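*Asks:* please work out how this folds:
(one chain, ligands or ions: 2)
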Amino acid sequence: MDDAVDLEGEQYEKHREAGRILAQVRAETADRVEVGASHLAVAEYAEDRIRELGGKPAFPVNISIDEEAAHATPGIDDDATFGEEMINLDIGVHVDGWLADTAITVDHSGTPELVEASEEALEAAIDVVEPGVETGEIGAEIEAVIDGYGYNPVVNLTGHGLGHWEQHTGPNIPNRAVSQGATLEVGDVVAIEPFATDGGGKVTEGAKEEIYALENERSVRDRRARQALAQITEEFRTLPFATRWLETDRAEMALRRLKSSNVVHGYPVLKEEDGRLVSQKEHTLIVTESGCEVTTR
Ligand code: MN
Ligand code: MN
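*Replies:* Ligands and ions are numbered 1, 2, ... in the order given. From the prediction side, this is the model:
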């Protein structure tokens, strides 16, 4: 960005507001992740709190268990409860389409070092962010910290830029050292999200799918599919949504129709391919003249 970037401008204020709401909701929600508690109750608690505090969920609360790394969220009438597991919560807020994205891992599996590895990696990454830093340098910090714990970073998941009504834009922020990367500039809004694992360090798509997003807006004949599409284009636009957010009756069937006609696409749950544990920690930040401002502390 050029000299004209005004970090006090309205869009940045909305990013900050989204971040403030999200920091509070993350803390309150993490406290509710106890053995025996319901996934659905925790997700709905977080999503309701976001709305009460004046934001909107930017995507369904992701509750990923053990080898799951991302894209898991409770289905309609989901009856799963937390066990003695590693639980990643990934939560997003937007204010008028300006986003904040954060994640925290709650460990009930007895593997606290794996959580510390991704937390410390994120702090090391944030420490090197300033105008001119290459994304590969950020990745190198993440990799070094996680490697120091004797774990592996998940290398095929990355941080990302946050656009207006867009959860993932460039640049990618890798979780390992890469030689070719983008350069961050003042005014960039990015999410950095190290994932650490005691497995090999790659995720692969599972069979489960509960999160969707609009792909091609086009007319559909089925009444329920049409109702669902109207809500999607009005309320979520191109941001991800959950089946349980749809107000039409027989939402699962409506969604199958929208998917089969390529109006929406799904996000399959991503799992560590060796079936090992995954921890995650994420913050959103704004690159400033002197470094960066973390919006989700
Ligand atoms: Mn996230
Ligand atoms: Mn993210």
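*Asks:* every contact and neighbour count from this point should use C-alpha atoms.
*Replies:* Noted.
*Asks:* SS state for His265?
*Replies:* Using DSSP: H, G, I helix; E, B strand; the rest coil, the secondary structure recorded for His265 is strand.
*Asks:* try Glu119
*Replies:* On the basis of three-state DSSP, Glu119 is classed as helix.
*Asks:* tell me the residues of this structure that contact ligand 1?
*Replies:* Asp90, Asp101, Thr102 (Cα under 5 Å from the ion).
*Asks:* wait, a helix at the last one?
*Replies:* Which is Thr102. No - looking at Thr102 with three-state DSSP, it is strand, so not inside a helix.
*Asks:* that one against His94, yeah?
*Replies:* No - in this structure, Thr102 sits apart from His94 without contact. The criterion is Cα atoms under 8 Å, and the distance is 11.9 Å.
*Asks:* what touches both of those two?
*Replies:* Shared contacts of Thr102 and His94, defined by Cα atoms under 8 Å, 6 or more residues apart in numbering, are absent.
*Asks:* could you dump the residues of the chain next to ligand 1 into a markdown table and include neighbour count and pLDDT?
*Replies:* Below are these laid out as a markdown table (neighbours: other Cα atoms under 10 Å; pLDDT from 0 to 100):
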| residue | neighbour count | pLDDT |
| --- | --- | --- |
| Asp90 | 25 | 98 |
| Asp101 | 28 | 98 |
| Thr102 | 24 | 98 |
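*Asks:* packing partners of the helix or strand containing Glu113?
*Replies:* Secondary-structure element containing Glu113, defined by DSSP states H and E: helix 112-127. Judged by 3 or more Cα pairs under 8 Å, 6 or more residues apart in numbering; DSSP states H and E, the packing partners of helix 112-127 are strand 98-107, helix 135-148, strand 189-192, strand 195-197, strand 278-280.
*Asks:* got TSV for these, with distance to Asp31 too?
*Replies:* Formatted as TSV, the helices and strands packed on helix 112-127 follow (distance: least, Cα to Cα, whole Å):
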stretch	distance to Asp31
strand 98-107	9
helix 135-148	25
strand 189-192	23
strand 195-197	21
strand 278-280	17
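*Asks:* and of those, who's closest to Asn156?
*Replies:* Each of the helices and strands packed on helix 112-127 was scored for nearness to Asn156 using Cα to Cα, and the closest is strand 195-197 (9.8 Å).
*Asks:* average pLDDT for the closest one?
*Replies:* Strand 195-197 shows an average pLDDT of 98 in the prediction.
*Asks:* next one: stretch 146-154
*Replies:* The average pLDDT for stretch 146-154 rounds to 98.
*Asks:* return the distance of it from the chain's centre.
*Replies:* Centroid separation between stretch 146-154 and its chain, computed with Cα atoms, centre = their mean, to the nearest Å, is 21 Å.
*Asks:* residues near the residue of the stretch 151-297 of the chain found nearest ligand 1, how many?
*Replies:* Scanning the stretch 151-297 of the chain for the residue nearest ligand 1 gives Glu282, at 6.4 Å (criterion: Cα to the ion). Look at Glu282: counted by other Cα atoms under 10 Å, it has 25 neighbours.
*Asks:* what about the closest residue in space to it that isn't next to it in sequence, how many neighbours?
*Replies:* Closest residue to Glu282 in three dimensions, ignoring its sequence neighbours and counting by Cα to Cα, 6 or more residues apart in numbering: Glu193, at 4.2 Å. A count of nearby residues for Glu193, using other Cα under 10 Å, gives 28.
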